[in-house]
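Engineer: A predicted structure for the sequence below; I have some questions about it.
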Amino acid sequence: MLISLHKNATTTPATRLALQQASGTDRELAQQYGIGIGTVRKWRGRTTVHDASHTAHRLQTTLNAGQEELVIYLRSQLRLPLDDLLAVVREFIEPAMSRSALDRLLRRRGHSRLPVQPKPEGEHKPFKAYEPGYVHVDVKYLPQMHDEDKRRQEKLVAHLQGHAQALDRRAQLCLAGEESAAVEELRALAQHQPAVRPLGILGPSAQETLNTF
């Protein structure tokens, strides 16, 4: 049986039980067991043979009971580290709070360690170790934006307008007898106009029109 005794204890559980069951005087028992009269009186007045807690019945704490409950709530709900919690306590609860006193409070209330966050089920694992020269590439397909169809339509309309303006400009130059200027303008337009047109509804491109000359 494991017996836990105070380091300065002068009696054992068996001696204490004998003192509680003895009928002699305190002085006689003190002489019999070689202990002080105060020790005899102490154990004869108790109903247990185990050492009591040496913690003070009323702790000298910086915070009152309500403030301590608030600190424990902040610790458990916000999961603040010790230094961050100390900053909050000094700012809003008790400016004289020390770091050691806050640590003792958390230890006394069983909140000295923050709870471990559960790992999500779909957590990504680290890359596998590949041979040198192997490149690992992850591709992420982005979802379609809510206004993507509208933006495509706006680009199509702008392209149609630009193509119509270019053809109208060429016709005006040809009617004015400035065919060479029209060719140069179409050549400049062909450098910037895409060769592939959406759905094939834009008619001939500037390059195709230029090839007619």
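Structural biologist: Great, that's in hand. Owing to the predicted nature of the structure, the values given are computational and were not obtained by experimental measurement.

Engineer: convert the C-alpha atoms of stretch 84-99 to CSV, please.
Structural biologist: Extracted C-alpha coordinates of stretch 84-99, given in CSV (Å, rounded to 0.1, in the frame of the first residue of the first chain):
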residue,chain,number,x,y,z
ASP,A,84,-2.9,37.5,-25.1
LEU,A,85,-5.2,36.8,-22.3
LEU,A,86,-3.0,38.8,-19.9
ALA,A,87,-3.2,41.8,-22.2
VAL,A,88,-7.0,41.6,-22.3
VAL,A,89,-7.3,41.2,-18.5
ARG,A,90,-5.0,44.2,-17.9
GLU,A,91,-6.9,46.3,-20.4
PHE,A,92,-10.5,45.6,-19.3
ILE,A,93,-10.5,43.7,-16.0
GLU,A,94,-7.6,44.3,-13.6
PRO,A,95,-4.6,46.5,-14.6
ALA,A,96,-2.5,45.1,-11.7
MET,A,97,-2.8,41.5,-12.9
SER,A,98,0.6,39.7,-13.2
ARG,A,99,1.5,36.9,-15.6
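
Engineer: what residues sit buried inside that stretch?
Structural biologist: For stretch 84-99, a neighbour-count test (16 or more other Cβ atoms under 10 Å) marks Leu85, Leu86, Val88, Val89, Ile93, Glu94, Met97 as buried. Just so you know, the C-beta spots here come from the backbone N, C-alpha and C atoms, and that holds for glycine as well.

Engineer: from those, which is closest to Thr10?
Structural biologist: For the buried residues of stretch 84-99, the residue nearest Thr10 by Cβ to Cβ is Met97; the value is 40.5 Å.

Engineer: what sits against that closest one?
Structural biologist: Contact analysis of Met97 by Cβ atoms under 8 Å, 6 or more residues apart in numbering lists Thr62, Leu63, Leu86, Val89, Arg90.
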